[in-house]
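Peer 1: Can you look at this prediction? I've put the sequence above it.
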Amino acid sequence: MAVTDGPFLWYLNRGSGLVLLALLTSSALMGMWATRGDAGTRVPRFAIQALHRNLALLGVVMTVVHVASAVTDEYVDIRWWQSVLPWHLAYRPLWLALGVVALDLLLAAVLTSLVREHLPRRAWLVVHLGVYLVLALAFAHGLGIGTDTGEGWARWTYVVCGVALVAAGVARVVDARRRSRLTPRELEVVTR
């Protein structure tokens, strides 16, 4: 019996999708923490950034597993080229296309991060901030096409990841506003 004959790839695809969501959420949280004004006061900033990058790297590996298992599994007809180009999708086209676009944006963020030193900072930052759109598309993709979305444990995974991201985003915006009101002297004291 070949691997593609049984349910192994189906389970691998389902599991890797939720693990991927948790990894991308964790990486985004570390990224937001690394850029906060108080980053480095309790945990060194380089440690937070290293954790952010390593979680993102694990997310890329899990993305490869998720996409490869979806394409290799024969239950749903997804061609290799359709994993990067949302065209002529037969299986739940809207939800699958959202995942494909999320993958394309994630690839852009990864590739531009690899050549970050050669890019203008603003251009890199615009692409890198697109990861928030990747997360929104990944949430929609998972909620729309995920086989386990109706299960309580899967719903809680989405809720915990979503609440953590929204809370961290709000804290990040509040921190940025507070810091914009400080005088240069006060800002210097806060960032020590």
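Peer 2: On my side now, so go ahead. This one's a predicted model, so the numbers in the text were calculated from it and none came from an experiment. Residues are numbered from 1 along each chain as shown.

Peer 1: how many other residues sit next to Ser113?
Peer 2: Around Ser113 there are 15 other residues, counting by other CB atoms under 10 Å. Just so you know, the C-beta spots here come from the backbone N, C-alpha and C atoms, and that holds for glycine as well.

Peer 1: measure it to Gly130 for me?
Peer 2: 11 Å (CB to CB, to the nearest Å).

Peer 1: do the same with Ser16
Peer 2: Counting by CB to CB, the gap from Ser16 to Gly130 is 22 Å.

Peer 1: more crowded one of these two?
Peer 2: Ser16 (21 against 15).

Peer 1: what sits against the closest residue to the more buried one other than its chain neighbours?
Peer 2: With CB to CB, 6 or more residues apart in numbering as the criterion, Ser16 has its nearest non-adjacent residue at 4.1 Å, and that residue is His66. Shown in contact with His66 (CB atoms under 8 Å, 6 or more residues apart in numbering): Asn13, Ser16, Gly17, Leu20.

Peer 1: Compare the residues you listed and tell me which has the most neighbours.
Peer 2: Using other CB under 10 Å as the neighbour test, the contacts of His66 are led by Gly17, with 25 neighbours.

Peer 1: Report the distance from the lengthiest helix in the chain to the chain centre.
Peer 2: For the chain, the longest helix by residue count, based on DSSP state H, is helix 152-181. Centroid separation for helix 152-181 versus its chain: 14 Å, with CA atoms, centre = their mean, to the nearest Å.

Peer 1: swap in stretch 108-125?
Peer 2: Averaging C-alpha positions (CA atoms, centre = their mean) puts stretch 108-125 17 Å from its chain's average.

Peer 1: Could you do stretch 83-93 as well?
Peer 2: Distance, centroid of stretch 83-93 to centroid of chain: 20 Å (CA atoms, centre = their mean).

Peer 1: Over to Gly150. Which of the three states is it?
Peer 2: coil (DSSP: H, G, I helix; E, B strand; the rest coil).

Peer 1: now swap in Gly31 and tell me
Peer 2: Of the three states, Gly31 takes helix according to three-state DSSP.

Peer 1: now Ala90
Peer 2: At Ala90 the chain is in coil, as set by three-state DSSP.

Peer 1: The closest residue to it other than its chain neighbours is in what secondary structure piece?
Peer 2: Nearest non-adjacent residue to Ala90, counting by CB to CB, 6+ apart: Asp77, 5.4 Å away. Applying DSSP states H and E as the criterion places Asp77 outside every helix and strand.

Peer 1: Kind regards, and thank you for your time.
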